[in-house]
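Participant: Quick one, structure for this:
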Amino acid sequence: MKTAYRLLMMLITLLLLYGFRWMPVPLPLFPAQDLKIKDASHLQKLSSESYEIQLLKISADGKWLAVKKIMDSGQDTLMILRTDVPESIVFKRTHVSELQFLIDNRVLLLDKQGKAENLSLGVQKKGKAQEKDSEGNIFANGKVFNQIKKIEVLKNGKEFLLWSDSSQKNSLAWYTAEGNLLRVLEGVTTYLIDRNSELYAVQKETNGDKKDKEYSIFKFSGSAKRLFYQTNRLIESIYTASDGESLISLEKDLTTGYMKMVSISLKDFKSYPLDDSLLFYHVTIKGIGKEKLFFLNAIKNRTETKKSSPEIWYGDDKNLEEKFLPQFQETYYLWEPESGQLENLNDSSGFQKIIPLHNERYFLAFNPRELKDYTRKTSPLLISVYDRISNTSVKVDTVGTELYVSAKGEYLFYPKNNQWKLYRISDGKTILISKNGVEQPYFTRDGKGIVFGGNDALWYYNIQKGSYKPLTTTTKGFQYHVMGGERESLLSNYNFYRSVIDDNRPFMVEYRNVMNNQFGYQRLYGNKNYTAISLTDGRASSLLYNPSCSTFAYIRENYNMPPQIVVAKNGKNDVIYQSNTQDTKISKARMDIIDYTGPGSIPLKGLLYYPIDYNPSVIYPMVVHIYEAQHYLSSRYWRPTYKNSLGFNVRLLQEKGYFVFLPDIAYGSEGPGISALQSVEAAMKAVLKNTSIDSLKVGLMGQSFGGYQTNFIATHSTLFKAYVSGTANADIVHVYHTFSESYHMPEFWRYESGQYRMGKSFSQDKNLYFRNNPLYHADWVTSPILLWCGMQDKNVNWEETRTFYNALKRSKKKVVALFYPDDGHAMWQEASKTDLTSKILDWFGFYLKDSKNVTWISNK
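Facilitator: Numbers count the residues shown, from 1 in each chain. Modelled structure (predicted):
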């Protein structure tokens, strides 16, 4: 009778609304838990059927595209698609590890078992892959090779090499694209193909009755084979010098373990060994300038000294890393092989660190620990320019983590005080350039200008005139990025680059509006712009194009569209492959962008994803996920999967009948915890205007820094009915004074200048740290909290999770902690990913949907 009465009242209400539809009377709302909740088998099926796609390679003629399809099970499938026919899959194969396209529609494959295949790509009907022949091979006109460890294509795909494993005598076989054998060389330990497609192979031989091992380098030019060089030392690697006139052989003395180096002229085959007095275990070598000079960075282990008992640590120590890590000695040299001249640049310059600038005269020089105080992750550097001709050095400036060098070492370029500083090395002149929204600098190869990415256009700065001009059409709200420039790293852990672009050759430019979910690509050539990919909605990734820039391929996706492969050719964009076609419901998915204001009146945005089967007459619970700014994810397709390293998956939550909210967080002067609280509370005030959200059934989750902020909000807010916090700090006062196991140095930097944004040391403002410390307010938590971590975490010590658990336990709060013994800062193990995702779904189901039949939570 009660059920019949409820149905009658619903009918009367709807009739009244229809009769008085001009009145602002809302539809009746019903709790989401009254709906049929999708069981785990549905989600498991959805997850097992979904897959990722990756673009691997495009053929030189633009006709073929290699794609990898990766299932949740871990199985990967290589597919080769025609770029001119939608859904034309001409080839499928699992367990392929490497692929190379050849001429005449041929392809070379290598699988994970060492089987190589040379195959012809035939024309196939739409949607069908090539069938296997009677012997199990994909193509009857293909050739199969076994025990192969490496494949290589040369001469623009006209020929290829197969390097077999030891069971096949380490043979190096040379073939035409059609698979016709040209030459075989046995006992090859390593090889090199130079810029002219000439082959240099190292062969191990036995010399006479003495059985002495001898290593020979042979040069192959066309059909000619010539002995190039011989030695009794093990040749570990060979490569051509940048001048293109010599070959460098790196050799190991098997008696001492030290490395040796020999320069061999490509013209007359004369060899020039490096001075035997130079001992090293590893070396990097660069050709510099126009002279036949080489810059060497030689590394050997420091002499081990027995540690004192006890160890002595001093307060002014600037190399605490040596307490934890093996120490190496780096020495820098200039070597001129033909004269035998070897110059120790450390001795001549007086500096510990030397960086070549592709200039035989000038070098960047500094002492890396001079300004080190561990308040920053990477210390600022007081840089100088060393002039080896005059044997003098000039101090330039104190720089941070970012510095760029021109093609021939004429200029240094770095940001300082919200400006760019351009330093001309020859005379020390400095030019100040407004940043004006420009980033990502590239010097032109001629050294006359700088190309910038940035706001509204791609920009060119004329160094002589001191003026900007746009290289592309100006489009407000778009960020422009150079693609295809040269970035040679000059210093590890710093963004120091030799940054060069050849503006006399075509290069690609991406422009993107994150807020409006739009992107496009242009090709620049000289003073002309060509539209490569017209302005498109969604998210683009994995852009590939052939050498002539006639064919472009990329992956496009959106929050309501699974990734698809698009080919742009002749001014047209065609979808040639649609992934996850079984995911039919996603096209009706809904997402709102929520505007609100954070600390300091900073405008912020949040992404609100609706339940997949959203019904406006139903009220739903909501899960909120936090980590810094997240609005850039607005065009991401959330593939349904249990294999989540953080246990978080928007789509699975949507399928389970939740709203999912991703708000941005801004930072004020009150600290990271309080700023997060203020941002999230403002976001909640804005999003709860949606009356389909049950304000009494909202959960909050975060991981790492987001987990710390979840911990803090849990100790200060009553907005949330349940929390999930992963691999998170709980006692920032304690952690501030500890050592980072990841970086082997004190944690000061992470709080003062890093992600926590304190801006002050603990001693300068203890109350700031106290007020933002979750542990001190653990007794204020009012809702159940699930904690998780990996016990191998070197970024946030798992003791932080146990500490917060203890504090909550002592205060008699509802807390459950998950400790994964074989995982780290995120889940590594496949089983752990699935388990964590499942348990988080259980947790929110238990507390937000009253799904009480979960024994691991209720412990009953």
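
Participant: contacting residues around the closest residue to N795 other than its chain neighbours?
Facilitator: In space, and not counting its chain neighbours, N795 is closest to H825: 4.4 Å by C-beta to C-beta, 6 or more residues apart in numbering. To be clear about C-beta, it is placed using only N, CA and C from the backbone, and glycine gets the same treatment. By C-beta atoms under 8 Å, 6 or more residues apart in numbering, the residues touching H825 are 704, 727, 790, 793-796.

Participant: Next one, pLDDT for the residue nearest to F496 when sequence neighbours are not counted please.
Facilitator: Closest residue in space to F496, ignoring its immediate chain neighbours: L490 at 4.2 Å, by C-beta to C-beta, 6+ apart. Turning to L490, the model gives it a pLDDT of 94.

Participant: Could you look up the SS state of L490?
Facilitator: strand (DSSP: H, G, I helix; E, B strand; the rest coil).

Participant: Helices along the stretch 651-800 of the chain, start to end?
Facilitator: Using DSSP state H, counting those that start in this stretch, the helices of the stretch 651-800 of the chain run over residues 672-687, 705-714, 732-736, 748-752, 766-771, 799-810.

Participant: Tell me which of those helices sits most buried.
Facilitator: Neighbour counts (mean count of other C-beta atoms under 10 Å) averaged over each of those peak at helix 705-714, with a mean of 27.

Participant: The residue nearest to N795 - that's part of a strand, no?
Facilitator: No. Per three-state DSSP, H825 lies outside any strand segment and is coil.

Participant: Now do it against M79, distance only.
Facilitator: 34 Å (C-beta to C-beta, to the nearest Å).

Participant: Nearest to N319 among the helices of the stretch 651-800 of the chain would be which one?
Facilitator: helix 748-752 (15.5 Å; C-beta to C-beta).

Participant: For that closest one, give the mean pLDDT please.
Facilitator: Mean pLDDT, helix 748-752: 95.

Participant: So which residues make contact with that helix?
Facilitator: Taking C-beta under 8 Å, 6+ apart as the rule, helix 748-752 contacts 374-377, 732, 736, 740, 756, 758-762, 769.

Participant: any low-confidence regions in this protein?
Facilitator: Applying pLDDT under 70 to the chain picks out residues 1-40, 123-142, 206-213, 222, 290-291, 302-307, 860.

Participant: Could you pull out the helices in it for me?
Facilitator: 2-19, 40-49, 345-349, 650-655, 672-687, 705-714, 732-736, 748-752, 766-771, 799-810, 830-848, 855-858 (DSSP state H).

Participant: got the contact list for the shortest one?
Facilitator: Contacts of helix 855-858 with the rest of the structure, by C-beta under 8 Å, 6+ apart, involve 816, 839, 842-843, 846, 852.

Participant: coming back round to it: please report the distance of the residue nearest to N795 from S704.
Facilitator: H825 is 7 Å from S704, by C-beta to C-beta.

Participant: Need the overlap of contacts for the two.
Facilitator: 727, 795-796.

Participant: Turn these into CSV, columns for neighbour count and distance to G606.
Facilitator: Formatted as CSV, the shared contacts of H825 and S704 follow (neighbours: other C-beta atoms under 10 Å; distance: C-beta to C-beta, whole Å):
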residue, neighbour count, distance to G606
T727, 29, 23
N795, 16, 27
V796, 26, 26
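
Participant: Specify which member of those is nearest to N644.
Facilitator: Out of the shared contacts of H825 and S704, the member with the shortest distance to N644 (by C-beta to C-beta) is T727, at 13.7 Å.

Participant: who touches that closest one in this structure?
Facilitator: 703-704, 707, 788-790, 793, 795-796, 798, 801, 825-826.

Participant: Could you export those residues to TSV, including columns for distance to Y239?
Facilitator: Listed next are those as TSV, based on distance: C-beta to C-beta, whole Å:
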residue	distance to Y239
Q703	43
S704	41
G707	46
W788	47
C789	45
G790	40
D793	39
N795	36
V796	41
W798	44
T801	48
H825	37
A826	37
